[in-house]
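Enquirer: need the 3D shape of this:
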Amino acid sequence: MRVGAQILALAALAAPVAAPASARAQSPTAAGPGCRAPQAAVAHHSAGAVVTDPPSVPPVPCGMKTGFAGGESAVAVTNTGAVFYSPAVQSFAGLATQYFLGGNSGFARTTNLGRSWSFVDPVSTNYQAPTSLAGQPGYPAWDQIDDKFFIDRDTGRLFWADPDLPSEVVLWSDDDGLTWGYSLLAVGFGGEWTQVTTAPPRTSKTSGYPRVVYACGEYDSIGRNGDLCQKSLDGGGSWTAAGQGLFGAPGTSHPQCAGQDEHPNFSPWAAPDSHGRLHELLFCAGKAFLIRSDDEGATWPVVAQIPFDVPAAGPNGTGAAELRTDSADNMYLAWANPGNPNPNGGYQPGVVDLAVSHDLGASWGPAQEVLAPGVEGIRTHFGFDVGSPGHVAFSYLGHTKAHAGFDGYITETFDALAARPLFWSAAVNPASEPPLDSGGKGSSNGLGLDYVSAAIGPDGTPWASFWDACGEDLPAAAACPSDRKTPATTTFGFTDYAGRLTAPMPVPEALAGPRPRRGACIDRRRFTFHLHHPHGERITRARVTINGRLARAVRGRDLSRLTLRRLPRGRFRVRIVTYTNRGTRAVSTRIYRGCTKTPPRHSFTLGRPRGRRPRRLHS
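Expert: Below is the predicted model of the structure:
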C-alpha cells in the first residue's frame, strides 16, 4: 500500500492496532522500496488460525538486498531511525566472500527505508587498529558469524560485539556510525554468541555513562563450559570479569539440578528489569529454570522453574530459547520446538512458541504458536525483539508446502500481553522467485549459519535480517533473477537481505460493514452503517451501490450514519463511498453470501494538502 503523510487523518476512524505512543503511524510511511502490496500480511491467532475479518488494513511486507556479501546476520535501528545491518562484506578485486578474514567487513546502513545502503567502516580512524587489504582501518577477523547489535534506547548508544581473535571486540557509536569507540573484553577468545545489554547500576558507581554495560557469552566455544557476563562501568570503554560468576557450567551447583550437569542457554542475552537485575536461563535435570543476578552478575540463584518443555537441544545441551523484558517489567520467553534446527542438518517440522509473564517469571500465560499460517518449520534459529509493552517481532526462515526452500518471514503482534494475541505475518521476499535459502547442503554449503535477527525501531517498524542464496556465484545459484546478484562481483557465500513490515492501517468502522448480533443472521430489512470521519474533517456525502446499482445517496453537513433497506438475498456486492469536507474519499467493497461476508477491500484518496496533489491508499 502507499500511504501519504495525511494518513494521520484516518487514525481517528477506529482504534489503532499499533502501540498507543507509536510514532510509526505518524510518519510519512509510503510503502517504499521493496514493498509488495499484493503480498500483504496475514492476520492470525496462535497455531496459524487465520482471522478473516481483521481490525485493520494488513501491513505490507518489504524486502531488499543491501548490495553486500554477508553471513550470520544482525540488524539494529537507532533512535533516529537509521538501520544497521551486519555484516556487510566489501568486494576486493571483484571478489566478495562470506568468510573473509581480511578486515573488509563492516556494516550496511540505510536512512531511507532501504532504498539505498552505504558501507560503514566500524572502526574510527582515531583508534590504532590493523588495516584491511584495501588499506583502511579494520578489525582483522570479523568473520561474519555471531555478530550482535544492541541499542540502548535510554541513551541512543549503538553497541556491537564480535567473538573472535585476537579477543572479543565491542564497538559503540553515539552518532549513527560516524565515529566509533573500541574495546576488547577482559576474557577474550572462546566466547560465542556474545550479546551486549545495559541496566541501571545496583552495586557499582558508573563513570561517564549512566548504565552498567554487560557483555554475556559462552566460554569456551569448544566445551560449552558455561556463560559469563562481563561488565563495563564506563559505557563500554573498559571491562572487568573480576567477581563475575560463571553460570550454566558443569562445575557450578544449583540444588535444583540435583548434582546433574548444568547448561546455559544457546542465546545468552541477559534480560534486565527496571531495578537493574539480570535474568538468564539455566538447563539441567531435564528442566529449564529462570536464574537472576541481583549483584551485577556475581551470583545467579534460581528464582523459578519454567513451566514449559523448553528443549535443551543446542550444542552440548544448551537451551533453545530467547528471553526478553520490556519497560514495564513484563517478561517474554520464546523458544523453538523441537529445538533450534541444525543449519547443516536435515530439515524437520517444528513450531516457535511465545509465553509472557507479568511478574518477572513467577507465573506465565499460555504458550502461543507464532509461525505464519502454512509455515511448517524453520531453517535455523529465529530472530526475536520486544519494543513497547506487548509489541513483539519475530524473524525466521520458514518452509511451506507451497514454496520449496525457506522464505524470510516477519511475524509481529502489538498485543502479546492479551489472552489471545493477534499476529501479523508475511514473507518479505517475492513469492514468485526462488527462496532466500534453498534448503540444500546446509547454510552456505555446509559452513553453518545459525542466526537471523529482528529489531523493532523507535517508530514501531519491525526490521529483519536474512541471507540470500540467490546472491551466490561460487557455486552458482540456479534459476535466480539477475537483480538478486551483485553486479561486477563474484560472491562466494550468501549475500545480505533485509526486510520490514509497514504499519497496519486502522479500518473505519463504517467500512467494515454492519455488525450482526453474536450468533445471529444478518437482518436484510435494515442495515445501519456508522460513519466515522478522520480527525478534523466532516463527512458531507455518502453513496452506496448494491450489485453496481445506486441504493442510497445522502448529503449533509456532518453525516454520522446511513441506513439501507430491502437488501437482496443470496450473493450481493456492497460498495460504500464517503467524502469529507476536505476532499478525503474512502471506498469499501464487500461480497455478502447469506450470513457470511468476505474481507473488505479499501481504497482511500486523502485530502489535498496545501500545494500538493492528493494521494491514494489501497489495500
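
Enquirer: what about the nearest residue to C284 once chain neighbours are set aside, distance to N316?
Expert: Nearest residue to C284 in three dimensions, chain neighbours excluded: C257, at 3.7 Å (Cβ to Cβ, 6 or more residues apart in numbering). (Glycine included, C-beta is placed from N, CA and C.) Using Cβ to Cβ, to the nearest Å, C257 is found at 15 Å from N316.

Enquirer: neighbour count: the two, which is higher?
Expert: It is C257, of C257 and N316, that has more neighbours when counted by other Cβ atoms under 10 Å, with 18 against 15.

Enquirer: on that earlier part again, list the contacts for the residue nearest to C284?
Expert: 282, 284-285 (Cβ atoms under 8 Å, 6 or more residues apart in numbering).

Enquirer: columns neighbour count, secondary structure and distance to S388 on top of these, output as JSON lines?
Expert: Listed next are those as JSON lines, based on neighbours: other Cβ atoms under 10 Å; DSSP: H, G, I helix; E, B strand; the rest coil; distance: Cβ to Cβ, whole Å:
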{"residue": "L282", "neighbour count": "27", "secondary structure": "strand", "distance to S388": "29"}
{"residue": "C284", "neighbour count": "23", "secondary structure": "strand", "distance to S388": "34"}
{"residue": "A285", "neighbour count": "14", "secondary structure": "coil", "distance to S388": "37"}
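
Enquirer: return the member of those residues nearest to P250.
Expert: Of all those, the one with the least separation from P250 (Cβ to Cβ) is C284, at 9.7 Å.

Enquirer: who's that closest one bridged to?
Expert: When assigned by DSSP bridges, C284 has beta-bridge partners K287.

Enquirer: tell me the pLDDT at it?
Expert: On pLDDT, C284 comes in at 92.

Enquirer: I'd say it and P264 touch.
Expert: No: here C284 lies out of contact with P264, judged by Cβ atoms under 8 Å, at a distance of 10.2 Å.

Enquirer: any regions of the stretch 251-400 of the chain where pLDDT drops low?
Expert: 251-252, 343-344 (pLDDT under 70).

Enquirer: show me where it has helices.
Expert: Ranges of helices within the stretch 251-400 of the chain: none, based on DSSP state H, counting those that start in this stretch.

Enquirer: repeat that for the chain.
Expert: Along the chain, no segments are classed as helices by DSSP state H.

Enquirer: centroid residue for it?
Expert: The chain has A454 as the residue nearest its centroid, 3.4 Å off, counting by Cα atoms, centre = their mean.

Enquirer: what sits against that one?
Expert: For A454, the contact set (Cβ under 8 Å, 6+ apart) comprises 75, 382-385, 393-395, 410, 462-465.

Enquirer: sort out for me which of those residues are in strands.
Expert: 75, 383-385, 393-395, 410, 462-465 (DSSP state E).

Enquirer: what is the nearest of those residues to A41?
Expert: Nearest member of the ones in strands among the contacts of A454 to A41, counting by Cβ to Cβ, is I410, at 8.1 Å.

Enquirer: which residues touch the closest one?
Expert: Contacts of I410 (Cβ under 8 Å, 6+ apart): 61, 393-395, 425-426, 428, 454, 462, 464, 499-501.

Enquirer: try 6 Å
Expert: Residues in contact with I410 (Cβ atoms under 6 Å, 6 or more residues apart in numbering) are 395, 462, 464, 501.

Enquirer: just I378 next, same as before
Expert: Going by Cβ under 6 Å, 6+ apart, I378 touches 396-398.

Enquirer: distance of the spatially closest residue to T198 that is not a sequence neighbour from D309?
Expert: Nearest residue to T198 in three dimensions, chain neighbours excluded: R211, at 4.1 Å (Cβ to Cβ, 6+ apart). Distance of R211 to D309, given as Cβ to Cβ: 35 Å.

Enquirer: quick one, which of those two is more surrounded?
Expert: It is R211, of R211 and D309, that has more neighbours when counted by other Cβ under 10 Å, with 20 against 13.

Enquirer: about what we covered before: which one of the contacts of C257 is nearest to A367?
Expert: When the contacts of C257 are compared for distance to A367 (Cβ to Cβ), L282 comes out closest, at 19.4 Å.
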